[in-house]
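J.: generate coordinates for the sequence data below:
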Amino acid sequence: MCLGDVGSAKYLPEIRARKKILLLGNHDNRADYRDYFDEIYTGPLFVADKILLSHEPVYGLPWCLNIHGHDHNNVEPYAEGCKHLNLAANVCGYRPVNLGKLIKAEGNDQGRLCDNLR
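T.: Modelled structure (predicted):
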């Protein structure tokens, strides 16, 4: 799953994944990536009851975790009570992040995300 702002398509064949999904970012053109992704979405996507993936942060949903990209400087002023996790490519070192491991992990930089979803 790519949270948008893909950049150059020349690196996409190097990504190893069973299925490649793109949430279009504000710098993305669907036609540029049609041949590289299995699915392309233009807006946010719930992947679980309380986990929303999006390109830009989504506000007003304090009952779910919003995992997003877009904030390349990692300085987005989040509203009180909103649960956000910025995984813009440059923020996470241009490396894939395993969502399952991230949610279940204890003692990582994000704390225990599963505790935030209760």
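
J.: and residue 32, what are its phi and psi?
T.: With angles defined as degrees, to the nearest 10, residue 32 sits at phi -70, psi -20.

J.: which one is it nearest to, not counting chain neighbours?
T.: Leaving aside its chain neighbours, residue 32 sits nearest to residue 9 (5.8 Å; criterion: C-beta to C-beta, 6 or more residues apart in numbering). Backbone N, C-alpha and C define where each C-beta goes, glycine included.

J.: from residue 41, how far off is the one you found?
T.: According to C-beta to C-beta, to the nearest Å, residue 9 stands 17 Å off from residue 41.

J.: next one: residue 29
T.: Separation of residue 29 from residue 41 (C-beta to C-beta) stands at 14 Å.

J.: looking at those two, which one has more neighbours?
T.: Neighbours were counted for residue 29 and for residue 41 using other C-beta atoms under 10 Å; residue 41 has more, 17 against 9.

J.: quick one, what contacts the closest residue in space to the more buried one that isn't next to it in sequence?
T.: The spatially closest residue to residue 41, leaving aside those adjacent along the chain, is residue 23, at 5.1 Å (C-beta to C-beta, 6+ apart). Contacts of residue 23 were listed using C-beta atoms under 8 Å, 6 or more residues apart in numbering, and they are 1-4, 41-45, 53-55, 69.

J.: if you set the cut-off to 6 Å instead, what comes out?
T.: Neighbouring residues of residue 23 by C-beta atoms under 6 Å, 6 or more residues apart in numbering: 3-4, 41, 55.

J.: what do you get for residue 20?
T.: Shown in contact with residue 20 (C-beta under 6 Å, 6+ apart): 37-38.

J.: so how far is residue 39 from it?
T.: Distance of residue 20 to residue 39, given as C-beta to C-beta: 8 Å.

J.: hey, where'd the helices end up in this protein?
T.: Listed in chain order, the helices of the chain (DSSP state H) span 30-33, 99-104, 113-116.

J.: now the longest one: mean pLDDT?
T.: Along helix 99-104, the predicted local confidence has a mean pLDDT of 77.

J.: buried ones in it, by neighbour count?
T.: Applying a neighbour-count criterion of 16 or more other C-beta atoms under 10 Å, the buried positions in helix 99-104 are 99, 102-103.
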